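>>> Sequence first, predicted coordinates after that:
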There are 2 protein chains.
Amino acid sequence: MTASTQPTHPRRSDATRAAILRAARERFAADGYERATIRAIAADAQIDPSMVMRYYGSKEGLFAAAAEFDLRLPDLAPVPPARLGEVLIRHFLARWEGDETLVALLRAASTNPGAAERMRGIFADQLTAAVATFGSDPALTARRAGLVASQILGLAFTRYVVRLPPIVDAPAEELVSWIAPTLQRYLTEVPEN
Amino acid sequence: MTASTQPTHPRRSDATRAAILRAARERFAADGYERATIRAIAADAQIDPSMVMRYYGSKEGLFAAAAEFDLRLPDLAPVPPARLGEVLIRHFLARWEGDETLVALLRAASTNPGAAERMRGIFADQLTAAVATFGSDPALTARRAGLVASQILGLAFTRYVVRLPPIVDAPAEELVSWIAPTLQRYLTEVPEN
DNA sequence: ATTGTGTGTCAACAGTTGTTGGCATACGGT
DNA sequence: ACCGTATGCCAACAACTGTTGACACACAAT
């Protein structure tokens, strides 16, 4: 247990730790959990594989550190209710293009139970919490968040993992105009029954 | 090259071949490409690992045979244009629940380039072709198909791979009523610009 | 009955994987 | 200057992987 809140003295090996983490994220994002070998990650970071073990304990531990992630969802309270969908899809697209951690998590979640569990946590906790801030019916909140997750993850999967050409080629603005209404409906529409 | 159209004499080992294929689909669907080992598949099929190699050449060859898949999309021409979304989501849900091949392909596509290529082929060819049967604007057809794929694959990913509780718990009928309008819009809405 | 071919098992190979322990060196505090 | 500790590399292990070849048996045709 290293104290994460305490401002620990900066260690001399911080640069190495950071290099490992950066290489790990790249490899996990590009190859998935099992194909991303510790040896390859260490080579990218230009250090010995045994260093990875010393600093992160195991491959699982390294992944846990590399896949640390926060959706950084904005506060949705001040957003005009009619623009919720647009704000959300814009945020997600920006978050995705700028940080490969999510792609790493997405690829790994397909085969690694721990990664899937973390993915579940992120979208169940963070997204559900954000939806709950303006939601009226608590019984529907979880389902709304799940539906939003299904479209968001589907977009990420087709754009960054499978790389479906028509989705890869689409400019971000066009994706926004197509998908925003979908999220909007998932978030706010009141079902008939 | 075994003639696939010719009614070849039934081989004595057909039962074994089928057992291997069934076990392979199960393992690939449950574990993904790299974690599904030939030894485990052979054990499930209660035969020797070397038989897998003899009948399917390699692990890649086995996967190619096990992931053979057809979306079996219905002819959309006679469908009332306003009900296209509903027909599609119903078809996909039924196709998914009844055949684990698609889940195997989905899990493997995250890490295996060949599987991703096949996934691209299925959704680019079969789905785009179906969309084209009623589509008006050819330039938009591919994008419409891609958007539909993003929602369909996102649903499958959250329901069968990551297993997001609110999506797993949702009865199929409810998913239909939420997602049908999304597909409907992706398929038929005319963009403003 | 004998031959040939298809079906199956066994043992082993070569490579890769995560992981470990030992050893050298450089640093920071005294 | 000295010493403890942190940092790094090297070599190796044990387990597992896909894959291969040799060998035993069963069946069908002649």
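All right, it came through fine.

>>> Going by C-alpha atoms from here, please, whenever you check contacts or count neighbours.
Noted.

>>> and the residue most central in space within chain A, what element?
In chain A, the residue lying closest to the centroid (CA atoms, centre = their mean) is A:L102, at 3.2 Å. Using DSSP states H and E, A:L102 sits in helix A:101-109.

>>> is that helix up against chain B anywhere?
Yes: Helix A:101-109 reaches chain B (CA under 8 Å from any CA of the partner chain) through A:107-109.

>>> that older thread, verify the stated contact: the residue nearest to the centre of chain A with A:F92.
No: A:L102 lies out of contact with A:F92 (CA atoms under 8 Å); the separation is 10.3 Å.

>>> ok, back up a step: OK, contacts around the residue nearest to the centre of chain A?
Counting by CA atoms under 8 Å, 6 or more residues apart in numbering or on different chains, A:L102 touches A:29, A:67, A:69, A:96.

>>> can you map out the strands along chain A?
Along chain A, counting by DSSP state E, no stretch forms strands.

>>> Nearest to chain B within chain A, name that residue for me.
Nearest residue of chain A to chain B, counting by CA to the nearest CA: A:G154, 3.3 Å away.

>>> what about that residue, how many residues close to it?
Counted with other CA atoms under 10 Å in any protein chain shown, residues neighbouring A:G154 total 25.

>>> I figured it hits B:V161, correct?
No: with contacts counted by CA under 8 Å, A:G154 stays clear of B:V161, the gap being 11.9 Å.

>>> interface residues of chain A facing chain B?
A:31-32, A:34-35, A:107-111, A:116-117, A:119-120, A:124, A:142-143, A:146-147, A:149-155, A:157-158, A:161-167, A:170, A:178, A:182, A:186.

>>> Filter those residues down to the buried ones.
Burial by neighbour count, judged by 16 or more other CA atoms under 10 Å in any protein chain shown, picks out A:31-32, A:34, A:107-111, A:116, A:119-120, A:124, A:142-143, A:146-147, A:149-155, A:157-158, A:161-164, A:166-167, A:178, A:182, A:186 from these.

>>> quick one on the thing from earlier: how close does the residue nearest to the centre of chain A get to DNA strand D?
Noted for A:L102: a distance of 27 Å to DNA strand D, by CA to the nearest atom of the strand, to the nearest Å.

>>> where's that residue relative to A:E26, distance?
To A:E26, A:L102 is 11 Å away according to CA to CA, to the nearest Å.

>>> returning to what we had before: can I get the buried part of the contacts of A:L102 as one ChimeraX selection?
A single ChimeraX command selects the buried members of the contacts of A:L102 (16+ other CA under 10 Å):
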select /A:29,67
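
>>> now, among the contacts of A:L102, which is nearest to B:A77?
B:A77 lies nearest to A:W96 out of the contacts of A:L102, by CA to CA, at 37.7 Å.
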